[in-house]
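Asks: attaching a predicted model along with its sequence, questions to come.
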Amino acid sequence: MPAQLFDRQAALARVGDDEELLVELVRIFLDDYPNSLTAINEAVTKGDSHHLEQAAHTLKGAVANFGADAVVREAFELECQGRMGDLSHANESLRRLHEAIRQLDDEMRPIAQAS
């Protein structure tokens, strides 16, 4: 895992260097991503490949806005497993996703608390 997951410069570029907008998007993401993570967890637990694909795709799209490529890769891996209907490695992928998203959360939380 890279030393830092959140690419602030990439995220700022995506919002036209609007710092206030970035802070708002970070806050929204931090409030919302647990719902996607819960959906991913439930899909893996139930062996529901279709819902895993959808939930992982949703999280991947949200994370991509912040230049967090390592988290995007983990979500994409789960999305592909769901699409292929092969969840034999989903628990390991899910563990890596949890680690990555926890690090991303730690990096983003100070931004959300700014202002």
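Replies: Now that the structure is in, tell me what you want to look at.
Asks: please save the CA atoms from the lowest-mean-pLDDT helix or strand in the chain in CSV.
Replies: Least confident helix or strand of the chain, by mean pLDDT, DSSP states H and E, is helix 8-14 with a mean of 90. C-alpha atoms of helix 8-14 as CSV (Å, rounded to 0.1, in the frame of the first residue of the first chain):
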residue,chain,number,x,y,z
ARG,A,8,-5.1,16.1,-2.9
GLN,A,9,-3.7,17.7,-6.0
ALA,A,10,-5.5,15.3,-8.3
ALA,A,11,-8.7,15.8,-6.3
LEU,A,12,-8.4,19.5,-6.5
ALA,A,13,-7.8,19.4,-10.2
ARG,A,14,-11.0,17.4,-10.6
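Asks: so what secondary structure elements neighbour the very next helix or strand once past it?
Replies: Next helix or strand after helix 8-14 toward the C-terminus (DSSP states H and E): helix 19-46. Contacts defined by 3 or more C-beta pairs under 8 Å, 6 or more residues apart in numbering; DSSP states H and E place helix 19-46 against helix 8-14, helix 49-64, helix 69-84, helix 90-112. Using the backbone N, CA and C atoms, a C-beta is placed for each residue, glycine as well.
Asks: thank you kindly, that will do.
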